[in-house]
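Colleague: below are the sequence and a predicted model for it; my questions follow.
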Amino acid sequence: MDKRLFLLTALPALGAALVYCSATGDGDGETTSTSSSGTGGSTSSSSGTGGGLTDAGGDLDSGDLDSGPTGPNMCPGAEQSFIWIANTAEGTLSKVCTINGEEVARYVTSPQGASGDPSRTSVNLHGDAVVTNRSPSSGPSSVTKFAGDYYDCDDRNDNNVMDTSLGPNDVRAWGEDECMLWNTPFAGGGIGARATAWDGTEDPDTGLGGNVFIGAMMNKTIYKLDGDTGQILDQAVTGLGHYGGAIDNKGNLWTIDMACTIGLCSIERISLNNLNDHETFPVHCGYGISVDVKGRVWTSGLGCISRFDPLNQENVWVDVAGFNRGIAVGTELSANFVWAANTGGDLVQVHMEDVTVVNRQPVGGSDMVGVAIDYEGYVWTVSEAANSAYKVHPTTWNVTAVPIGSGPYTYSDMTGMQLKGVIDPPR
């Protein structure tokens, strides 16, 4: 039943090695500025201690929960929707069903174990996830792929069972979880791999195909990896120290500079087909990055949320006090708005066309890092300080809490909805 060969293949031309683990088991143009503040709505918050969501607002009956699971560590219904959150302080990755808030699996993300330093995650159209291990103190940056579907895991020991995590208290040793499909380390110490994005060319039904793009912060290099094998296919030095990344619908990866401040920040467009085709543009602020269906690049950072339109190189921003980190484009229930996580614990709602703040409310613990949208349009945020994620109804602002691992630090496309939104937009 083997699906993978287990070998160590040297790639001297690319300066990296591909590891399959044999085991049993992160332009100039006219600029206008608008500023506003928003209030309103009511927030109901709660805390939980394991076992999934603690519901403060009665919003957990969405989705089809009665048709039966498709396998262990899956959602309990026909719809499968997960958020993948890196627990940086413990070197693991939490797989959480967004429908009922249950953490259905937890995985070690690298050979470095607890010191692996996982951060950015990205989810493809089939539901498979990759996690980037930024700067492990005891080893190189690396990327690891996990199967989203239990039946896509790899029975490497031929015992007719997928030996894999079935929850947060069932974490298998590195190399022993058969839902871990590959791990690719990057040659050279201290490259600081961070920006992470699938390109959406994979088959949504089988997951086969597709490529993963990784941007490194220290050596300013973009890497292209084969989504099926993890093999490094191409790499090129570009203009910025890559911190976060997102795909558009025109064949480009957009990344945000690691050194962004108010009024002095850059983003970079890199062609997915030719990594040497790249150009940089100024934006008003940056830290988090996302791209909407119109190809506009949204960034969030210190004191602002910004929108850049590549067609006319127009920058529009709104002043938003504090440090705004992850940002995501809404869909379904949260459509027509972008959503940003403010590090103080607030969720910020911004109208996409007016670029004005519609609402801003506290939703959970402090040191809020990431934000993502699930397939129903609920908004999820991640609190590093509270070791929790929060599911927020975008119109009632009811909040439910999901305890996860230690020190979660993810603010990329944790659910895959940013990618799906630009590759297969709602009609």
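Modeller: Everything's here; your move. Because the structure is predicted, anything quoted here is derived from the model rather than measured.
Colleague: okay, CA-based contacts and neighbour counts for the rest of this
Modeller: Fine.
Colleague: which phi and psi does Gly421 have?
Modeller: phi -60, psi -30 (degrees, to the nearest 10).
Colleague: could you report the neighbour count for the nearest residue to it once chain neighbours are set aside?
Modeller: Take Gly421 and drop its neighbours on the chain: the residue closest to it by Cα to Cα, 6 or more residues apart in numbering is Val293, 6.4 Å away. Look at Val293: counted by other Cα atoms under 10 Å, it has 18 neighbours.
Colleague: Cys304 too?
Modeller: Residues near Cys304, counting by other Cα under 10 Å: 22.
Colleague: isn't it right up against Trp317?
Modeller: Yes - with contact defined as Cα atoms under 8 Å, Cys304 reaches Trp317; the gap is 6.6 Å.
Colleague: show me the contacts for the closest residue in space to Leu333 that isn't next to it in sequence.
Modeller: Once flanking residues are discounted, Leu333 sits nearest to Gly377: 4.5 Å by Cα to Cα, 6+ apart. Going by Cα atoms under 8 Å, 6 or more residues apart in numbering, Gly377 touches Gly330, Thr331, Glu332, Leu333, Ser334, Ala335, Pro394.
Colleague: the fifth one contacts Asp374, doesn't it?
Modeller: Put plainly, it is Ser334. No - contact criterion Cα under 8 Å: Ser334 and Asp374 do not qualify, at 9.6 Å.
Colleague: any shared contact partners between Cys304 and Trp317?
Modeller: Common neighbours of Cys304 and Trp317 (Cα under 8 Å, 6+ apart) are His284.
Colleague: who wins on neighbours among the contacts of Gly377?
Modeller: Ranked by neighbour count under the definition other Cα under 10 Å, the contacts of Gly377 are headed by Gly330 with 27 neighbours.
Colleague: distance of it relative to Ala193?
Modeller: 27 Å (Cα to Cα, to the nearest Å).
Colleague: burial of the closest residue to Gln361 other than its chain neighbours, as a residue count?
Modeller: Of all residues not flanking Gln361 in the chain, Asp346 sits nearest, at 5.1 Å (Cα to Cα, 6+ apart). Counted by other Cα under 10 Å, the residues lying close to Asp346 total 22.
Colleague: same check on Lys294?
Modeller: 13.
Colleague: what ranges of the chain fall below the confidence cut-off?
Modeller: Counting by pLDDT under 70, the chain shows low-confidence ranges at 1-70, 427.
Colleague: which strand runs longest in it?
Modeller: Of all the segments assigned as strand in the chain under DSSP state E, the longest by residue count is strand 314-329.
Colleague: run through who's touching the next helix or strand along the chain from that one.
Modeller: The helix or strand immediately downstream of strand 314-329 is strand 337-342, counting by DSSP states H and E. With contact meaning Cα under 8 Å, 6+ apart, strand 337-342 is reached by 300, 322-330, 347-352, 367-371, 379, 381.
Colleague: now the residues you listed: which count as buried?
Modeller: Buried by 16 or more other Cα atoms under 10 Å: 300, 323-330, 347-350, 352, 367-371, 379, 381, out of the contacts of strand 337-342.
Colleague: and Gly207, what element?
Modeller: Using DSSP H and E, Gly207 falls outside every helix and strand.
Colleague: now it, nearest residue through space, not along the chain?
Modeller: His126 (4.9 Å).
Colleague: need the three-state assignment for the one you found.
Modeller: Using DSSP: H, G, I helix; E, B strand; the rest coil, the structure places His126 in coil.
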